[in-house]
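J.: 3D model of this:
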Amino acid sequence: MSINEQMVSMPRGFYVQPGCCTSCGVPQKFAPDLVGWTNDVDQECVWIKQPETAAEFDQAIKVLQTQELGCHRYAGDDPALLQALPAEDCDHFRPDLKLNDKPILVGDGPAPNFALSVSAAPNAITRLWRRLFRR
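T.: Purely as a prediction, here's the structure:
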């Protein structure tokens, strides 16, 4: 079964993006019962089993938290898993990261005060600094 076929057969769980794996072996270290290798000439990671127990879910979370390239992803919408996993590795948005419904108006709060240090009048420290370093 190809990687794409496996993604289609498990669209709501953990999966590996096609062509992203660098064969580093890190996922197999943290979740040897969940993540394996394809039998292709160019070996790539593949989720051979979806987690079922609490220990397996901990292993799956560890894989997504320690990966470097973001190849491993979670396609499900379980709120507890979405909260435990890095948001950038999930296909669904976390409810706590939604945008604020209340618009921010220009008149809210004090106006910003912009000033460039070059345009400000020189104070005693600036004058001393310029004298010491002749700038």
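
J.: what pLDDT does Q6 get?
T.: Note on Q6: pLDDT of 44.

J.: D108 too?
T.: Looking at D108, its pLDDT stands at 63.

J.: Check Y15 too.
T.: 92.

J.: Equivalent analysis for L34, please.
T.: pLDDT recorded at L34 is 92.

J.: Equivalent analysis for Q65, please.
T.: pLDDT, Q65: 90.

J.: try the one 5 residues further on
T.: Predicted confidence (pLDDT) for G70: 86.

J.: Excluding chain neighbours, what is closest to it?
T.: Of all residues beyond its chain neighbours, the one nearest G70 is D89 (5.8 Å), with distances taken as Cβ to Cβ, 6 or more residues apart in numbering. For glycine as for every other residue, the C-beta is placed from the backbone atoms N, C-alpha and C.

J.: Let me have the helix or strand that contains E56 in PDB, keeping just the CA atoms, if that works.
T.: Using DSSP states H and E, E56 maps to helix 54-66. Provided in PDB are the C-alpha atoms of helix 54-66 (Å, rounded to 0.1, in the frame of the first residue of the first chain):
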ATOM      1  CA  ALA A  54      -3.000   6.300  26.800                       C
ATOM      2  CA  ALA A  55       0.600   5.200  26.500                       C
ATOM      3  CA  GLU A  56       0.400   5.100  22.700                       C
ATOM      4  CA  PHE A  57      -1.200   8.600  22.600                       C
ATOM      5  CA  ASP A  58       1.700   9.900  24.700                       C
ATOM      6  CA  GLN A  59       4.100   8.300  22.200                       C
ATOM      7  CA  ALA A  60       2.300   9.900  19.300                       C
ATOM      8  CA  ILE A  61       2.300  13.300  21.000                       C
ATOM      9  CA  LYS A  62       6.000  13.000  21.700                       C
ATOM     10  CA  VAL A  63       6.600  12.300  17.900                       C
ATOM     11  CA  LEU A  64       4.800  15.500  16.900                       C
ATOM     12  CA  GLN A  65       6.500  17.500  19.600                       C
ATOM     13  CA  THR A  66      10.000  16.400  18.800                       C
END
